[in-house]
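S.K.: Sequence first, predicted coordinates after that:
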Amino acid sequence: MTNQQPDHVAILGGGIFGTSTAAQLARRGIRVTLVTDGALAGGASGRSLAWLNSAWNWPQPYYAIRLAGIDRWRTWAARHEGSERYLRFTGGLMWAAQGESLHDLFASERERGYDALWLTREQIPDFAPGVDAGAVAAEGAIFNPGEGWVNLPSVIALLAAEVTALGGTIVENAGPATPTVDAGRATGIRLASGERIAADAVLLATGPAAPHQLSELGVEIGTSSPPAFVAFTKPVDSALTATLNTPRVAVRRTVDGGFAMDSAWSEESIEVAADGSLVIRDDVVRRLLEEGRRVLAGHPVLELDRIGSGYKPVPADGEPVYGQIDEIPGLYVAFSHSGATQGLLTGELLAEEIATGFISPLMASFRPGRFASVPV
């Protein structure tokens, strides 16, 4: 740990990465100014399915940081009264498409010690009430009891309140802001109004916009951020508590008793208009709601409440990008698809790096510099 602790850190981005890091820095006594283009949680964090998991055959470093991320959410739940309203560990249920199998994935999860049960169709109601067992693959399904979901805007509001209580400043609806660099070092941010805010360090946590902002500074990190949307329904009378990851739709409950749902096929249907806006067809949304209805016991009618759309923050190699930009001392970035699972942990580890220079081994595989020699 070699850094001199900064007096003032500017953070661009009002999602889970930005607010989590801001709160951690403020707890250390560091003055924080957080600036966001629109409202807090107005970007990817506000439209995330926010499934907390470390399923799939991730490379070991990515698996480990996701697992540690889930641990931090459990700590949060234990320390925040009433958190069960927006943070629930009710398990995750996953099954395969026709002609495919999840047995190899199940074996891999068990080998790693990931909490996993193999369920037959007959066992589904006991572990995942509210699911139509007839919609589950004939081979059965994987149930992961330790998984859950979080409503990120609820947490972001609490983190922001903590930042201001500790003397930090939050500027919402500021329009596009950019890092300022003088003599090769990050020196603060410039607001859309032209006002400059001086800082000793800057964190860029602007989701899918981060690679473009870095590119304007001559730094390239790979991105493959696709257009995406999540459909949120009105409240539904259903016994479902588990998060579902099925071949045609992913589903979780929401804080108001509705559902949030998305899918790969529906995202692939999104068109980008000439003005850059995303076009989401009504027939696609109806089909997505029908897919959700099909997997739910009793097949309740699902009414659309709202659509959350935008670009999904996805690095080119699928893995997170965390830490200081080698080419510009004092400039840091947080850019990852799995923001919900890692959100609290990332804020903790980035704040430690910014404050002290210590790079956690959990972050070592995800440094921005890995793109330096790779064409993007």
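M.R.: That came through, no problem.
S.K.: do you know how far Ile280 is from Ile325?
M.R.: Remark: distance between Ile280 and Ile325 (Cβ to Cβ, to the nearest Å) = 34 Å. Every C-beta, even on glycine, is put in place using the N, C-alpha and C of the backbone.
S.K.: low pLDDT regions in the stretch 251-376 of the chain?
M.R.: 373-376 (pLDDT under 70).
S.K.: Over to Ile359. Which of the three states is it?
M.R.: Following DSSP: H, G, I helix; E, B strand; the rest coil, the label given to Ile359 is coil.
S.K.: For it, list the residues it contacts.
M.R.: 323, 353, 367 (Cβ atoms under 8 Å, 6 or more residues apart in numbering).
S.K.: now Gly318
M.R.: Contacts of Gly318 (Cβ under 8 Å, 6+ apart): 224, 337.
S.K.: more crowded one of Ile280 and Ile325?
M.R.: Using other Cβ atoms under 10 Å as the criterion, Ile280 and Ile325 rank with Ile325 on top: 23 against 19.
S.K.: so the closest residue in space to the more buried one that isn't next to it in sequence bridges to which residues?
M.R.: Closest residue to Ile325 apart from its sequence neighbours, by Cβ to Cβ, 6 or more residues apart in numbering: Leu331 at 4.5 Å. Taking DSSP bridges as the rule, Leu331 bridges to Val202.
S.K.: about what we covered before: buried ones among the contacts of Ile359?
M.R.: 323, 353, 367 (16 or more other Cβ atoms under 10 Å).
S.K.: ok, and the closest non-adjacent residue to the last one?
M.R.: Spatial nearest neighbour of Arg367, excluding adjacent residues (Cβ to Cβ, 6+ apart): Gly323 at 5.1 Å.
S.K.: Any idea how far the strand or helix carrying the one you found is from the middle of the chain?
M.R.: For Gly323, the enclosing helix or strand under DSSP states H and E is strand 321-324. Relative to its parent chain, strand 321-324 has a centroid offset of 16 Å by Cα atoms, centre = their mean, to the nearest Å.
S.K.: ok, the nearest residue to Pro226 once chain neighbours are set aside - how many residues close by?
M.R.: Distances taken as Cβ to Cβ, 6+ apart place Lys312 nearest to Pro226, at 5.6 Å, with adjacent residues excluded. Other residues within reach of Lys312, judged by other Cβ under 10 Å, total 21.
S.K.: next one: the one 10 residues further on
M.R.: Taking other Cβ under 10 Å as the neighbour definition, Tyr322 ends up with a count of 26.
S.K.: measure Ala133 to Gly99 for me?
M.R.: 20 Å.
S.K.: between the two, which one's more packed in?
M.R.: More neighbours surround Ala133 than the other of Ala133 and Gly99, with 17 against 6 (other Cβ under 10 Å).
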